[in-house]
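Student: Provide a 3D model corresponding to the input given below.
(one chain, ligands or ions: 2)
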Amino acid sequence: MKRTNMKIVVNRVLLLAVFMLSTPLVASPPTAFEGRGLYVSYCLLCHGVGGKGDGPLAKTMEITPADLTTTVRSRSDTILTKIITGRGRQMITGRDRHNLLSDAMPEWGALFSDDQIHSLIAYLRFLGNKKHALMGDPRVGMQLYQEYCSVCHGVEGDGDGIMTKLMGIMPMDHTNPNETNHLSNQALIESILSGKGRYMPAWRGVLSQGDIEALVSYIRLLSH
Ligand code: HEC
Ligand code: HEC
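Tutor: Ligands and ions are numbered 1, 2, ... in the order given. Here you go, the predicted structure:
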């Protein structure tokens, strides 16, 4: 009896070792997170930080940049791809002002890979949803997340960190909007500051308010 128990333990340790070796140490950035980076560099100038069409360049333009927080909702991914790349743009229909998009919106053609377009669209959808604003810098959040949270919440944020096997816990899946969307930014901040249940640690005194706002912003993008 003791023998078989021992065998099971040894097997578990071996399994864990294999698991740890096969787990990538660096996460591939979530889609909307990646999209935000591209948006900041290529779109913010005209469309503005929050996508309202009020970027620093907007004042100088004859045709106002679109308010993406409202227009994008009714657009399919296929149409958005056409709008962004400029390929087949004349086929766009259903605009209020005119059926064609003017050339005031640059054609990004081959500048972006398919994956990048996909990420950009994920971020536009996030702006369109707008349930929760980004409070801090998600790039800072990503770094902190990898350092402090991924052992439990997983490098990809889906709740399968190394510690979950060791401790037998089930942390929240941060990539699932159904788990995070109903919680306000303030509620998430409070849980991170004060901990939750038995195994979600309290980070008050370890992380600053700014750190935690950055983490919450990263968690928001994880679920898009
Ligand atoms: C030089 C300014 C400028 C930049 C930079 C820019 N846009 Fe635009 N964009 C516009 C203008 C102006 C319009 C509205 C054109 C019109 O109404 O004919 C527009 C329209 C759009 C629309 C159509 C909205 C709709 O549903 O009707 C989308 C989507 C869009 N832009 C996405 C982007 C993305 C994504 C980027 C970055 C990769 C970007 N834009 C960069 C100026 C810009
Ligand atoms: C020791 C493992 C562990 C670590 C490390 C950890 N968490 Fe958690 N976390 C959990 C567990 C377990 C839960 C589920 C708690 C519950 O609902 O009982 C959880 C839940 C959460 C929740 C949901 C709270 C709510 O209101 O439902 C958030 C947000 C969260 N964690 C963020 C973080 C962040 C950010 C970090 C890193 C700074 C982190 N966690 C580090 C284990 C951990």
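Student: For the residue of the chain at minimum distance from ligand 2, give its distance to residue 85.
Tutor: Per C-beta to the nearest ligand atom, the residue of the chain with the smallest distance to ligand 2 is residue 197, at 2.4 Å. Every residue, glycine included, has its C-beta placed from N, CA and C. Distance, residue 197 to residue 85, by C-beta to C-beta, to the nearest Å: 46 Å.
Student: between the two, who's got more neighbours?
Tutor: Neighbour comparison, residue 197 and residue 85: the larger count goes to residue 85, with 17 against 9 (by other C-beta atoms under 10 Å).
Student: so how far is ligand 1 from the more buried one?
Tutor: Counting by C-beta to the nearest ligand atom, to the nearest Å, the gap from residue 85 to ligand 1 is 10 Å.
Student: That residue: what's it in contact with?
Tutor: 107, 108, 109, 110, 112, 117 (C-beta atoms under 8 Å, 6 or more residues apart in numbering).
Student: List only buried entries from the residues you listed.
Tutor: The neighbour count (16 or more other C-beta atoms under 10 Å) marks 108, 112, 117 as buried among these.
Student: Phi first, then psi, for the second one.
Tutor: I take that to be residue 112. For residue 112, the backbone dihedrals are phi -100, psi 140 (criterion: degrees, to the nearest 10).
Student: Which residues are in contact with it?
Tutor: Taking C-beta under 8 Å, 6+ apart as the criterion, residue 112 is in contact with 38, 84, 85, 120.
Student: Among those residues, which one sits closest to residue 203?
Tutor: Closest approach between these and residue 203, by C-beta to C-beta: residue 38, at 30.3 Å.
Student: and after the strand or helix carrying that closest one, which helix or strand comes next?
Tutor: Element membership of residue 38, judged by DSSP states H and E, is helix 31-42. Next in sequence after helix 31-42, counting helices and strands by DSSP H and E, comes helix 44-47.
Student: Can you mark which positions in that next one are buried?
Tutor: Across helix 44-47, burial judged by 16+ other C-beta under 10 Å covers 44, 46, 47.
Student: The first one contacts residue 55, correct?
Tutor: Just to be clear, that refers to residue 44. Yes - taking contacts as C-beta atoms under 8 Å, residue 44 lies within contact range of residue 55: 5.6 Å.
Student: one step back: select from the contacts of residue 85 every entry located in helices.
Tutor: Secondary structure assignment by DSSP state H places residue 117 of those in helices.
Student: farthest pair in the contacts of residue 85?
Tutor: Farthest-apart pair in these is 107 and 117; separation 12.6 Å (C-beta to C-beta).
Student: Just say helix, strand or coil for the nearest residue to residue 49 once chain neighbours are set aside.
Tutor: Nearest non-adjacent residue to residue 49, counting by C-beta to C-beta, 6 or more residues apart in numbering: residue 55, 7.7 Å away. Assigned with DSSP: H, G, I helix; E, B strand; the rest coil, residue 55 falls in the coil class.
Student: isn't residue 55 right up against residue 46?
Tutor: Yes - the criterion here is C-beta under 8 Å, and residue 55 meets it with residue 46 at 4.6 Å.
Student: anything in contact with each of the two?
Tutor: With C-beta under 8 Å, 6+ apart as the test, residue 55 and residue 46 both reach residue 65.
Student: I'd assumed residue 44 was in contact with residue 57.
Tutor: No - contact criterion C-beta under 8 Å: residue 57 and residue 44 do not qualify, at 9.2 Å.
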